Each structure stands twice: as structure tokens, then as C-alpha cells.
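Student: Sequence and predicted structure below; questions after.
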Amino acid sequence: MVKKVTKKKVAPKKVAAKKPTKKVVAKKTAKKISPDAQAIESLVEIIRVTSTIIPNDVDRAIRKARGEEVSNTSASYAMDIMCDNIELAKTKSQPLCQDTGTVIFYIYHPPGFHQTPFIKLIHKAVTQSTKLGYLRQNSVDSLTGENAGTNLGAGHPSIHFVEHEKKELVVKLMLKGGGCENVSAQYSLPETTLGAGRDLAGVRKVILDAVVKAQGKGCGPGVLGVCVGGDRADSHAHAKRQLFRKLGERSKIKELAELEVEITETCNKLGIGPMGFGGKTTILDCLIDHRNRVPASFIVSVSYMCWAFRRQGATLDTKSFKLNKWLY
Ligand code: SF4
């Protein structure tokens, strides 16, 4: 006799809800995955966290600034909206801003690390993150305007490798919005129209000029990364690298540390305020460093970062590529 086989009713699989608020250090997976697959998983997680969760130091600075604005003013409403956005993005694991920006990686690696295969893994992680919506399809061909839809193209993502003496791999990521990039500036001193000479007083004048010109644009309150000196290319890159410093981390050079504090205080007395609506918070911080220059030139670069300050970093195991520790 043939037994009648009745189909077991299988309960629909429950998809485990993501916990976006938690910065998961390493996902516990039942099966072992290859180092390449693990690298992509870790890189996607770094991109997700960078795009959706504001770093703790910036979060603290924004909430402190909100507390300082007078209630029921445009400035306080603007700060409230920013804080709501920050919460929403974190809870829903959605990008903090629709412009997920230029994708800039800095990879600090021990000697002997193979860069070329890692570039391929970064490309895969960027493509996957774009599919998952952590990155908007945001990178277009500068000549044709064509959008490949993957965020891959000439020079994008921007990847910088730096060899260091440590055994670990450090991946830092910045998502630099277009609006704040547009108001970033570069000056060649002396700048006669501003009366800015080749000294720190001149540097101060051009930084303040950049902030005044940025008002109402660039989605303030901003953070300034500044480089004094260098050639035009390295100066701007180094100014942008200052944004990897934690807010409040003062320069080790006394004169620059003092200038950082003074610029921040002065900017916040200009009355430009959040989004240019007036108020007490024009910038959250100013981070300055310097580079040698040739006697014939004195370049000052100001990299402006908007309130949607997306930068993160993590250490990874160099063999397994498992994510060990978050940096911010
Ligand atoms: S400047 Fe920043 S906050 Fe403004 S639209 Fe661009 S990424 Fe978003």
C-alpha cells in the first residue's frame, strides 16, 4: 500500500530585522566564508554605518549646538530637523542625506599588503552597497553625464593607500557631499583684496572669507578642514584629511590650536547660523594642519564639511578581513 504523503506546512521564513543602530563589530556567521567574501562584507558594513550613522563626536557637537540655539527660532528648528534626520537615518538604516557624496577611502596597511586585489574588493563592496541603497547612484561620467548606476567610474571611488608600521588594516571612509564640496575654497597668499598676507593673520582672514562666502550654501553648521601650505593638489587633499580628526582634537602646534579655537568662536559670532538662517552655530569646529611650501607660493586650502558629516573607520584583521573595532 502506498502511503499518502501529506505536505508539511512550512511556516514562512521570518527575515530577521536589521539592527541598524548597533555598530556590529563582527557578524557571527555559522559557516566560514572566504577572506575575499569577508572583506566585501566588512567593507559594505563600513559603508552602511558611514552613510546612515553620524559619528559620535559629530553627534555630540550637533546636540550641544542645538541646546545653545534660542528656542522657536529658525536656527533651533533647523537643528531639530537635523537631529530628527540623524535619528531616522540610524533607525531605518537609510542614508543620512540623499546626496551620499564622493566615496573616499583611505587604507592604512602593513608592509607587503597587496593593494590591487583589495581595490577590486572595494569596487565590489561599493557596487553592492549601491544596490542595497546605502549609496545613492551618485557618480556620473564628467564628460557625458552618463550614470553607470554602480558608483564606479574614472577615479571613483577615490582610494588612497598608506603603508604603516602596525600589523592591522585600517579602513577609513568619508562620504563628501557635493554642496559642501562646492563651497570649499583655496587661496594663494598674499590675497590683496582681503588684505591677507603670508602669515597666520592672513590665513585667518582667508578662512573667515571662505565661511562668509559659504553662508546659506553647503548645509551648515559646517566643519572646516584647513591646510596651510603645500602645492595646490596636496594642500586640498591634506585639508580634507583633517576631517578624519575627531571634533575637538586640537593641533599639537600651539599657534594652530589657538587659531582653531579662535576661528570657531569668531565664526559663531558672525550670525550666519545653521543653514544660513541666522543663529549661534555657524561651524562646529575648525581643524588646521600645515605642509611645507616653496618660498614662491603660499597656498591655503579650506575643505568644508556639511552637518551630514559622514566619516567612519574601522580596523580589520589582515588575514580574515573581519571587522575588529570602530574608530569613531
Ligand atoms: S551638502 Fe551635505 S547635507 Fe547638504 S545636500 Fe550635500 S550631502 Fe546633503
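Tutor: Now that the structure is in, tell me what you want to look at.
Student: List the buried residues in stretch 146-157.
Tutor: By 16 or more other CB atoms under 10 Å, the buried positions in stretch 146-157 come out as Thr150, Asn151, Leu152, His156, Pro157. For glycine as for every other residue, the C-beta is placed from the backbone atoms N, C-alpha and C.
Student: Could you count how many residues lie near Glu109?
Tutor: Just so we're on the same page, residue 109 is His rather than Glu. 21 (other CB atoms under 10 Å).
Student: Now for the residue nearest to it when sequence neighbours are not counted: which residues touch it?
Tutor: Leaving aside its sequence neighbours, His109 sits nearest to Leu169 (CB to CB, 6 or more residues apart in numbering; 5.3 Å). Neighbour list for Leu169: Ile107, Tyr108, His109, Pro110, Phe113, Thr315, Leu316, Asp317, Thr318, Phe321 [criterion: CB atoms under 8 Å, 6 or more residues apart in numbering].
Student: before we move on, the earlier item: and which of the buried residues of stretch 146-157 is nearest to the ligand?
Tutor: Comparing the buried residues of stretch 146-157 against the ligand with CB to the nearest ligand atom places Asn151 closest, at 14.8 Å.
Student: For the stretch 201-328 of the chain, just list every one of the strands.
Tutor: 222-228, 283-290, 299-305, 310-316, 323-326 (DSSP state E, counting those that start in this stretch).
Student: mind checking how far the residue in the stretch 101-250 of the chain that the ligand sits nearest to is from Gly220?
Tutor: Across the stretch 101-250 of the chain, no residue is closer to the ligand than Gly177, which sits at 2.2 Å (CB to the nearest ligand atom). Remark: distance between Gly177 and Gly220 (CB to CB, to the nearest Å) = 12 Å.
Student: residues in the stretch 101-250 of the chain within reach of the ligand, list them.
Tutor: Residues of the stretch 101-250 of the chain found near the ligand, taking CB under 6 Å from any ligand atom as the criterion, are Gly101, Gly177, Gly178, Gly179, Cys180, Gly218, Cys219.
Student: Go ahead and confirm Val211 touches Ile272.
Tutor: Yes - the pair Val211 / Ile272 is scored as a contact, 7.3 Å apart, by CB atoms under 8 Å.
Student: Overlap of the contact sets of the two?
Tutor: With CB under 8 Å, 6+ apart as the test, Val211 and Ile272 both reach Thr282.
Student: confidence score at Lys19?
Tutor: Listed pLDDT for Lys19 reads 44.
Student: Revised request: answer the last question for Lys32.
Tutor: 84.
Student: Ok, Leu327 next?
Tutor: If you check Leu327, the pLDDT there is 97.
Student: Leaving out sequence neighbours, find the closest residue to it.
Tutor: Closest to Leu327 by CB to CB, 6+ apart is Gly313, at 3.6 Å.
Student: And that neighbour, how close does it get to the ligand?
Tutor: For Gly313, the distance to the ligand equals 19 Å [CB to the nearest ligand atom, to the nearest Å].
Student: Now do the contacts for that residue.
Tutor: Ile46, Val170, Val171, Lys172, Leu173, Phe244, Trp326, Leu327, Tyr328 are the contacts of Gly313 under CB under 8 Å, 6+ apart.
Student: where does the fourth one fall, helix, sheet strand or coil?
Tutor: Translated: Lys172. strand (DSSP: H, G, I helix; E, B strand; the rest coil).
Student: Check the contact between Val206 and Leu189; I expect there is one.
Tutor: Yes - with contact defined as CB under 8 Å, Val206 counts as touching Leu189 (7.1 Å).
Student: which residues do these two both contact?
Tutor: Common contacts of Val206 and Leu189 (CB under 8 Å, 6+ apart): Ala196, Val300.
Student: Could you count how many residues lie near the closest residue to Phe105 other than its chain neighbours?
Tutor: Spatial nearest neighbour of Phe105, excluding adjacent residues (CB to CB, 6+ apart): Ile159 at 4.7 Å. A count of nearby residues for Ile159, using other CB under 10 Å, gives 17.
Student: How many residues are close by the residue lying closest to Asn292 once chain neighbours are set aside?
Tutor: The shortest distance from Asn292 to any non-neighbouring residue, by CB to CB, 6+ apart, is to Gly229 (6.0 Å). When neighbours are defined as other CB under 10 Å, Gly229 has 20 of them.
Student: And for Asp285?
Tutor: Neighbours of Asp285 (other CB under 10 Å): 27.
Student: How about the one 4 residues further on?
Tutor: Counted with other CB under 10 Å, the burial measure for Asp289 works out to 20 neighbours.
Student: surely it meets Val226?
Tutor: Yes - between Asp289 and Val226 there is a contact at 7.4 Å, judged by CB under 8 Å.
Student: which neighbours do the two share?
Tutor: Gln242.
Student: Need the pLDDT of Lys8.
Tutor: At Lys8, pLDDT is 46.
Student: circling back: in the sheet, which residues pair with the residue nearest to Leu327? Tell me.
Tutor: Gly313 has these beta-bridge partners by DSSP bridges: Lys172.
Student: Against Leu173, how distant is it?
Tutor: Applying CB to CB, the value for Gly313 to Leu173 is 7 Å.
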